[in-house]
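# Fold the following, please.
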Amino acid sequence: MMSRPRACAAADDVGTTSTEPGDATSPLEPPLTGTWVQTLLGHSEDLITLLDADGAVRYQSPNLERLLGFLPGELYGLPALDLVHPEDKPDVERLMDALLADPDRAVSAQFRVQHRDGAWRWVEATARNLLADGQVSGIFVNTRDVTERAAAARELRHQAFHDPLTGLPNRALFTDRLAQALRRAQRHGEHVAVLFIDLDHFKQINDTMGHETGDQVLVAVGQRLAACLPEGDTIARFGGEEFTVLLERTTSVAAVDLARQMLAAQRAPVALPRHDVTVSVSIGVAVSGPELENAEDLLRAADIAHYKAKADGRATVVLLEQPMYSQAMARLAMKFELQPAIEHEQLHLVYQPVIDLDDGRIVGMEALVRWHRPGAGVISPDDFLPLAEETGLIQAMGEWVLKEACRQARKWADMRPDATPLRMHVNVSERQLQRPDFVDQVRAALVESGLPAQLLTLEVREQALQARGDGIPSALRALRAMGVPIAVDDFGGRHSSFSALRHDAITLVNLDRATVQRLPTEATERAIVRSIAGLARTLDLDVVAEGIETGPQMQQARAAGCRFGQGFYFAPPLTAASVAELLAGTRTLDQIVDADDAVGDDA
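Below is the predicted model:
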């Protein structure tokens with residue numbers, strides 16, 4: 001559209017005929033229509049059009065028929081805008097107004113025009129205002145058919161913003177639409193909801209039936225979800241087996257109702273060529289508000305709600321409430337800070353004494369990890385250890401605890417070369433035990449510290465003892481063969497099994513603290529603990545009563561046959577410096593506790 005053919009410079013009499021509009025037999029006569037000019041224009045790939053100031057056609061080159069199916073001169077006198085697609089016409093009109101307002105200005109645009117057969121063709125046109133040019137006195141338009149190029153561009157755009165498997169919008173398009181919807185909602189005081197939808201147990205489908213079947217299931221689920229969606233709202237495949245839904249001008253109640261419809265829509269089996277597959281989905285719902293004003297936060301909130309739906313048993317809907325979001329964000333912030341905490345030595349150990357119930361002697365120390373989080377003080381292990389398990393950081397953390405505890409135990413032993421050394425108790429998670437090199441880690445910690453293996457006791461939860469096929473039983477036996485005692489931790493709860501005590505690696509039984517604390521008031525608990533202690537003696541195992549907080553609890557634990565005790569009744573967790581003073585005899589345990597040098601919990 002931008003260039004002007006030199007042949008047009010001779011068009012001094014263009015548009016001077018007296019023919020009627022639409023008369024195909026009325027071509028222009030003067031030089032522009034000379035044989036050699038018409039031959040050149042006829043071989044051009046572009047359509048040359050001349051319009052008057054009102055936009056009526058005054059001339060079109062011979063290739064009009066090839067491009068749009070009309071005969072040369074057939075559109076003479078008609079408004080060129082009549083051929084423009086209704087959706088594109090306002091934009092083209094604005095360009096024409098701008099062109100007329102600025103002499104000698106050129107404008108370019110892509111839009112659709114109608115072929116004589118009714119089909120719409122995409123064209124690229126450049127127009128220049130030459131009304132003031134005495135030789136032309138018109139608006140010169142150069143038009144090129146770009147239908148194929150436009151189709152290719154549309155296909156590329158579609159591929160860039162749509163999922164190739166389901167044909168649904170993808171993450172990029174969904175996020176963009178969500179951001180736009182939130183801006184509209186804020187302007188009009190409305191609300192936007194996001195549904196985060198995840199297929200339950202989808203990995204099992206892929207693993208057992210193959211990825212082709214998995215793809216077919218994803219397509220079917222996407223279709224069912226889309227069928228529930230009100231017109232004008234958006235569903236996207238967000239990634240993997242995850243879908244997201246954007247609802248505009250909605251409420252929490254309406255969003256949850258729709259989520260339940262989508263849940264119900266998945267109950268019928270998906271009919272596939274070789275299988276009927278039953279699937280369910282878990283759906284998290286979040287609605288925009290003061291705390292959720294941008295796309296990233298709203299998506300994260302819906303994702304958090306979806307994880308809660310998974311945790312609640314799957315195949316359910318959870319609406320995110322503000323307290324849940326605040327807690328989740330605090331947890332997320334803690335998760336991001338945990339790894340740097342390990343790397344930057346923000347963790348430290350405290351030690352809680354293990355007492356011989358017969359004579360009150362301190363026979364061991366349990367190493368307990370603490371986190372001094374900058375700006376938040378000391379974080380409870382109940383808050384950060386589950387995060388460490390979830391993220392896998394428990395392995396690095398556990399290795400550090402093991403080395404530090406062994407080093408400290410050896411240091412205390414060297415302080416009293418003639419006294420019986422304290423045993424160091426260290427908790428070990430199931431994920432640590434699953435590591436192929438865990439036994440080597442323990443061996444290295446012992447060698448580096450010089451601590452004898454019999455002075456390190458590893459405390460393992462009962463579930464780990466019952467594990468099969470993951471290397472844990474063989475790791476425990478290897479540790480026991482090294483001389484490291486193994487304790488079964490938190491034993492005696494509602495789901496404990498006496499069969500755990502038959503494990504050949506076990507040397508110690510730690511009674512569950514809740515069971516110990518019920519001893520003074522519940523005869524049934526006393527009978528259970530007596531049974532556990534009796535079986536332990538038969539199997540040559542010692543019993544530690546954990547969580548003792550009162551004199552009656554201590555007395556009942558001792559009467560039931562527990563040899564050792566641990567808990568606030570004797571001492572809270574102590575700093576390493578306080579333990580050193582205690583062992584050196586410079587202060588008593590009572591003095592240390594009275595001076596508030598101890599750490600405030602026994603978790």
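
# what about D512, neighbour count?
Close neighbours of D512, defined as other C-beta atoms under 10 Å, add up to 20. Just so you know, the C-beta spots here come from the backbone N, C-alpha and C atoms, and that holds for glycine as well.

# who touches it in this structure?
With contact set as C-beta atoms under 8 Å, 6 or more residues apart in numbering, D512 has these partners: D490, F491, G492, G493, S496, E546, G547.

# before we move on, which element is the first one in?
Counting by DSSP states H and E, the secondary-structure element that holds D490 is strand 486-491.

# Sheet partners, orientation included, of that strand?
Paired strands of strand 486-491, with direction, are strand 456-461 (parallel), strand 506-511 (parallel) (DSSP bridges).

# Would you mind saying which of the ones you listed lies nearest L582?
The minimum distance between L582 and the strands paired with strand 486-491 falls on strand 456-461, with 19.7 Å, by C-beta to C-beta.

# That closest one - what's its average pLDDT?
Taken as a whole, strand 456-461 has a mean pLDDT of 94.

# re the thing from before, quick one: average pLDDT of the strand holding D490?
90.

# how far is that strand from where the chain is centred?
36 Å (C-alpha atoms, centre = their mean, to the nearest Å).

# about what we covered before: may I see the strands paired with strand 486-491 arranged in CSV, with distance to R66 as well?
Compiled in CSV, the strands paired with strand 486-491 are given as follows (distance: least, C-beta to C-beta, whole Å):
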stretch, distance to R66
strand 456-461, 81
strand 506-511, 90
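
# got the CA positions of stretch 482-493 in CSV?
In CSV, the C-alpha atoms belonging to stretch 482-493 read as follows (Å, rounded to 0.1, in the frame of the first residue of the first chain):
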residue,chain,number,x,y,z
MET,A,482,28.2,-51.7,63.1
GLY,A,483,27.3,-51.6,66.8
VAL,A,484,24.8,-48.7,66.6
PRO,A,485,21.8,-49.2,68.9
ILE,A,486,18.4,-48.6,67.2
ALA,A,487,15.3,-47.4,69.1
VAL,A,488,11.7,-47.6,67.9
ASP,A,489,10.3,-44.2,68.6
ASP,A,490,6.8,-43.1,69.7
PHE,A,491,5.7,-46.7,70.5
GLY,A,492,2.5,-47.6,72.3
GLY,A,493,0.1,-45.2,70.4
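
# just how off-centre is it within its chain?
With C-alpha atoms, centre = their mean, you get 37 Å for stretch 482-493.

# quick one: low-confidence ranges for the chain?
Residues of the chain that meet the criterion pLDDT under 70 lie in 1-44, 104, 155, 158, 322-323, 326, 466-471, 494-495, 595-603.

# Would you mind giving the domain segments of it?
Per automatic domain parsing, the structural domains of the chain span 6-151, 162-320, 348-594.

# Tell me which of those approaches Q327 most closely.
Comparing the domains of the chain under C-beta to C-beta, the one sitting nearest is domain 162-320, at 9.1 Å.

# The closest one: end-to-end distance?
28 Å (C-alpha to C-alpha, to the nearest Å).

# cool, stretch 498-513 as well?
So stretch 498-513: terminal residues 17 Å apart, C-alpha to C-alpha.

# Neighbours of V141, how many?
22.

# Show the contacting residues for it.
V141 touches M1, I48, T49, L50, L51, A80, A125, T126, A127, counting by C-beta under 8 Å, 6+ apart.

# Next one: M397 from R423, what distance?
22 Å (C-beta to C-beta, to the nearest Å).

# Out of the two, name the residue with the larger neighbour count.
Between M397 and R423, counted using other C-beta under 10 Å, the more crowded position is M397 (24 against 17).

# Show the contacting residues for the more buried one.
I342, L347, V369, A388.

# Tabulate those in TSV, adding columns for neighbour count, secondary structure and distance to D233.
As requested, the contacts of M397 are arranged in TSV below (neighbours: other C-beta atoms under 10 Å; DSSP: H, G, I helix; E, B strand; the rest coil; distance: C-beta to C-beta, whole Å):
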residue	neighbour count	secondary structure	distance to D233
I342	16	helix	44
L347	19	strand	48
V369	21	strand	48
A388	24	helix	40
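
# What is the nearest of these to R526?
V369 (32.9 Å).

# which stretch of helix or strand covers A255?
Residue-wise, A255 maps onto helix 252-265 under DSSP H and E.

# Now do that helix: which elements does it pack against?
If contacts are counted by 3 or more C-beta pairs under 8 Å, 6 or more residues apart in numbering; DSSP states H and E, helix 252-265 sits against strand 193-199, helix 211-227, strand 242-247, strand 281-287, strand 317-319.

# From the contact counts, what lies against the helix or strand encompassing A481?
Per DSSP H and E: A481 is located in helix 472-482. Using 3+ C-beta pairs under 8 Å, 6+ apart, the elements in contact with helix 472-482 are helix 430-434, helix 438-449, helix 462-465, strand 486-491.

# Please name whichever of the helices and strands packed on helix 252-265 is nearest to A152.
Nearest of the helices and strands packed on helix 252-265 (C-beta to C-beta): helix 211-227, 25.4 Å.

# quick check: angle from the helix or strand just after the closest one to helix 211-227?
Next helix or strand after helix 211-227 toward the C-terminus (DSSP H and E): strand 234-239. Angle, strand 234-239 to helix 211-227, by axes from the mean of the first three to the mean of the last three C-alpha atoms, to 10 degrees: 160 degrees.
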